[in-house]
Structures are given as structure tokens and as C-alpha cells.
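# Mind folding the following:
(one chain, ligands or ions: 1)
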Amino acid sequence: MRQLFQSSTPFTISAQGRSVVRSALEVTGFGGPVEALGVRINVEHTYTGDLVVVLENPVGDRVLLLSNRGGSGDDLAFTTFLDNATVPVGSGSAPFDGTYRPEGRLAAFNGGIANGTWQLLIADTADQDGGTLLGWELEVEAAGPAPEPAPPASNSLIAVRFGGGLTPSQREAFSVAAAQWSTVITSRLPAVRLNDGRIVDGIEITASATRIDGPSGILGQAGPEFLRPGTLIPATGVMQFDTGDIAQLEQDDGLVDVIVHEMGHVLGIGTLWAANGLIRGSGSANPVFTGTQASAAFGTLIGEGPTPVPIANTGGPGTREGHWRESVLGNELMTGFLNNGPNPLSALTVASLEDIGYEVNQAAAEAFALPTRLELAMMGVWAEPASQTCCTLGGINRLEPTVLPDTAIVS
Ligand SMILES: [Zn+2]
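As a prediction, the model looks like this:
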């Protein structure tokens, strides 16, 4: 963009001895370095041959505009300096009321900083004769302001607050994930006041990336942070990734699936099952999720009546009993592994949200059929060591959520 900045503050150029006047102009609003520049000055003076005029950028680089030209002539009357003017200022004569090529090249400012304090310096190099700097203008061409940071991805239910470290495309993945869960969950949740006094309606998830240990190793942490009293439905949650791992996931096209999966944990899938008393056989070889709705959905999948859902019976804390069992449900989104190809958010997962207290939209479930043993084998489910990336590898740490007091409910 191109913008004109003007100063009309007069400065007296003394007739006594030698003197220098400085006039400052504040340039603001650009998002990049100078691309082109023009300057116009308006000076009354009774002997222009005395004058040396210099333009200085915000970091002190200088370009000479005019040096002792015009002899005993009067005034620099709206004298414009442009690099591509045909007449060099040395060939002009007072009152220089036109466009001239400066002594130096204004292009020397190109690529340098645009925003900041620019100064015009006028030195009167001889005794006698004086005048007034009446004003000056700077026309700057530079990139426009940086775009506003993306507004938080939000809807009535899930709002993602972005912390640092995420690229625009990574933020977009969080927005996509929030939008998908928001089509699944239809609850209107009571507003709550957090310990710091902020009021949250819906579920606020703070997403960020920070350097932890580079690719692989620790992926980050994700989970609900503060829970509503009574229902235990989250008010806030955290999703923090290692910058090295999130970049790798994005390169492997797994980012959206991982974020949708981890956001499921923030909403309570796997993370709030025990707190809701919905796990049976904990610690055994066959732990199951006993929620009524999910049991009905699993019964439908296996062609029987309501049946408790097998959950992960391997892996460390936060993994075991925090996912559907991979060897039964294969590529379903909320098993502990990401599979190649689609990882559908099935009717089973939607039903399980109802069991932990949400109102849901079953129509938002994605098509899913129970994989055959052959399909599971071809997915690499029994591979040693497990090769696909997800929670089961232990790279995602879980937070211990805090239940807000009853008085936190605002509406
Ligand atoms: Zn997981």
C-alpha cells in the first residue's frame, strides 16, 4: 500500500551563523519494509545555495536530497524528490517547484524499516540569510499491515483459544476438529466462573505448541482441565503439542485426525469414564465401558443386544482403559492408534458422549462397520512394536482435572 505522511510544523532556519533544523514525521501502519519512497519539501529561504537537505530513516540511514544548489535564488517551493525524475536537482533552479532526482538515491531506503520516526535535516551552511521550513511530506510504499490474528475458532459449544507456536494451517486443523465435535454435541452448557474470575460458557480449549523434545518421544499433553460441578462436563481443556511432532504429523497428513482424537479426550472420552463410574473390570484382561447408550450402539455393531464395549487392555496410564480396544474396533477414531486411511467418528463414540452427560446428534456420526479379523491384521493391529502414532505410545500426557465448586455455576 502507499500512504502519505505530512508535517506542517514550521521550523525557523536561523540567519545567524550555521544551523541545522530537524523535523520528525511518524510513519505507521505498514507490515513490511519500504518498497518505494518519495519526498516533498516546502522551504522559504533567501539563498538556497546555503542549504543541504538530508532524509533520515528510523534507524539513522541517510540519503542526501540536495546540496548547495540554486545559488542566491529563493525557496524550495514544494520541491518533490523522486529517483525516477528526469531532471537531476543539480540542473534545477530556484524555486525548484517541480520534481527532481535527488543527489543520492532514495532507493537506498528500500528494504529497510518503514514504520518509525523519519527526519528531515536541513543544514544552513553559511552565515546570513535564513528562512523557514514550512512543511514536508513523505510518500511511502510498503506492504500493508500484517493480518489480524485468526479469530478463535468458536461456536456455541467449543471455543479454541490459540496460544503460541501454531502455524496458520495447524490452527486450521483445530478449527476443523472443533467444528466436527460441535456437530456431534448439541448441549447448551451452563456458564461457569473459573478460579481466575473469567466466565466460560461451552467448552474452552487452549491449544498451543512448544518445543519439548523434538520429533517422537513426548507428543504433548491433552485433556480436560476444569470440570463443571455435578455433571463433570469440562469447562476448559488443554491441548499442547511438541512443535517437532506436530510438524511431523502435519507432513504425514495425520494432523487433523490426531487433533480430532485428542479433542475427544478433552471432551471426556476416556478421560472421564472412570470418574463417571462407567468402567467395569478395571485392571483385568477385559475392561469394558458400561454406558447404556454406548452398549446399545456396540450391540448393534455386533448384531446383538446391548453389550458393554471392550476398552483398551494394554498400554500405560491414560492409555489403557482410555480408548476403545484397538483389536476389536480397529480404525475407529477413539481407539488408541491412528490408522492409515479414514478414522471414523462412529455412532459408538457419539453414543458414549451421551453416557457421560452430553446431548448428541446421532446423525453426525460417520459410517463405520466392525472390521473383520483379516482387516484388523491388515491394519497392523497386532504389530510388534506398534508402529502407528497415537496415545497408546504414551506420548500424550493427561492432566488431572479439577472440579469447580458448586458456586461456579453462573447461569
Ligand atoms: Zn487417545
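
# Ala24 and Ser7 touch, don't they?
Yes: taking contacts as Cβ atoms under 8 Å, Ala24 lies within contact range of Ser7: 7.4 Å. For the C-beta atoms, the positions are set from N, CA and C on the backbone; glycine is no exception.

# Tell me which of these two has more neighbours.
Ser7 (20 against 13; other Cβ atoms under 10 Å).

# just checking, Ser175 touches Ile158?
No: with contact defined as Cβ under 8 Å, Ser175 and Ile158 do not form a contacting pair (9.9 Å).

# So between these two, which is more surrounded?
Shown here are Ser175 and Ile158; by other Cβ under 10 Å, Ile158 has more neighbours (25 against 20).

# can you pull out the helices in the stretch 151-300 of the chain?
Taking DSSP state H, counting those that start in this stretch, the helices of the stretch 151-300 of the chain run over residues 168-184, 243-251, 255-267, 292-302.

# What lies in contact with the second one?
Here helix 243-251 makes contact (Cβ atoms under 8 Å, 6 or more residues apart in numbering) with 165-166, 169-170, 173, 209-220, 255, 258, 389, 395.

# how much distance is there from that helix to the middle of the chain?
16 Å (Cα atoms, centre = their mean, to the nearest Å).

# Could you give the average pLDDT over it?
Helix 243-251 shows a mean pLDDT of 87.

# What residues of that helix count as buried?
For helix 243-251, a neighbour-count test (16 or more other Cβ atoms under 10 Å) marks Thr243, Gly244, Asp245, Ile246, Ala247, Gln248, Leu249, Glu250 as buried.

# Stretch 132-151 now?
Buried residues in stretch 132-151, counted by 16+ other Cβ under 10 Å: Leu133, Leu134, Gly135, Trp136, Glu137, Leu138, Glu139, Val140, Ala142.

# Select from the residues you listed every entry located in helices.
With DSSP state H as the criterion, helices contain none of the buried residues of stretch 132-151.

# Give me the pLDDT for Ala150.
For Ala150, pLDDT reads 48.

# what about the residue nearest to Asp129 when sequence neighbours are not counted, how many neighbours?
Residue nearest to Asp129 in three dimensions, not counting chain neighbours: Tyr47, with 3.8 Å by Cβ to Cβ, 6 or more residues apart in numbering. Tyr47 has 19 neighbours, counted by other Cβ under 10 Å.

# Pull up the overlap in contacts between Ala24 and Ser7.
Counting by Cβ under 8 Å, 6+ apart, nothing touches both Ala24 and Ser7.

# what about stretch 182-189, start to end distance?
13 Å (Cα to Cα, to the nearest Å).

# Buried ones in it, by neighbour count?
Buried residues in stretch 182-189 (16+ other Cβ under 10 Å): Ser182, Val184, Ile185, Ser187, Leu189.

# Could you dump those into a markdown table and include distance to Phe81 and pLDDT?
A markdown table is the format used below for the buried residues of stretch 182-189 (distance: Cβ to Cβ, whole Å; pLDDT from 0 to 100):
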| residue | distance to Phe81 | pLDDT |
| --- | --- | --- |
| Ser182 | 57 | 91 |
| Val184 | 64 | 95 |
| Ile185 | 63 | 95 |
| Ser187 | 66 | 90 |
| Leu189 | 63 | 91 |
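
# quick one, what contacts the nearest residue to Gln240 once chain neighbours are set aside?
With sequence-adjacent residues excluded and distances taken as Cβ to Cβ, 6+ apart, Gln240 is closest to Gly220, at 4.8 Å. Listed by Cβ under 8 Å, 6+ apart, the contact partners of Gly220 are Ala209, Ile212, Met239, Gln240, Phe241, Asp242, Asp245, Ile246, Gly395, Ile396, Asn397.

# since we're on the residue lying closest to the second one once chain neighbours are set aside, how many residues are nearby?
Meaning Ile212. Spatially, and ignoring its direct neighbours in sequence, Ile212 is nearest to Asp242 (3.9 Å; Cβ to Cβ, 6+ apart). Neighbours of Asp242 under the rule other Cβ under 10 Å: 24.

# Any idea what Asp242 is bridged to?
Taking DSSP bridges as the rule, Asp242 bridges to Thr210.

# shouldn't the residue nearest to Asp129 be in contact with Ala94?
No: in this structure Tyr47 lies outside contact range of Ala94 using Cβ under 8 Å: 9.1 Å.

# Common neighbours of those two, please.
With contacts taken as Cβ under 8 Å, 6+ apart, Tyr47 and Ala94 have Gly71, Gly73, Asp74 as neighbours in common.

# Check the second one and give its pLDDT.
What that stands for is Gly73. So Gly73 comes in at 93 (pLDDT).

# what's near enough to touch it?
Here Gly73 is in contact with Tyr47, Thr48, Gly49, Ser93, Ala94, Pro95 (Cβ under 8 Å, 6+ apart).

# from what I can see Gly254 touches Phe337, true?
No: counting by Cβ under 8 Å, Gly254 stays clear of Phe337, with 10.9 Å between them.

# Looking at those two, which is more packed in?
Phe337 (23 against 19).

# wait, is that one part of a helix?
No: Phe337 sits outside any helix when classified using DSSP: H, G, I helix; E, B strand; the rest coil, being coil.
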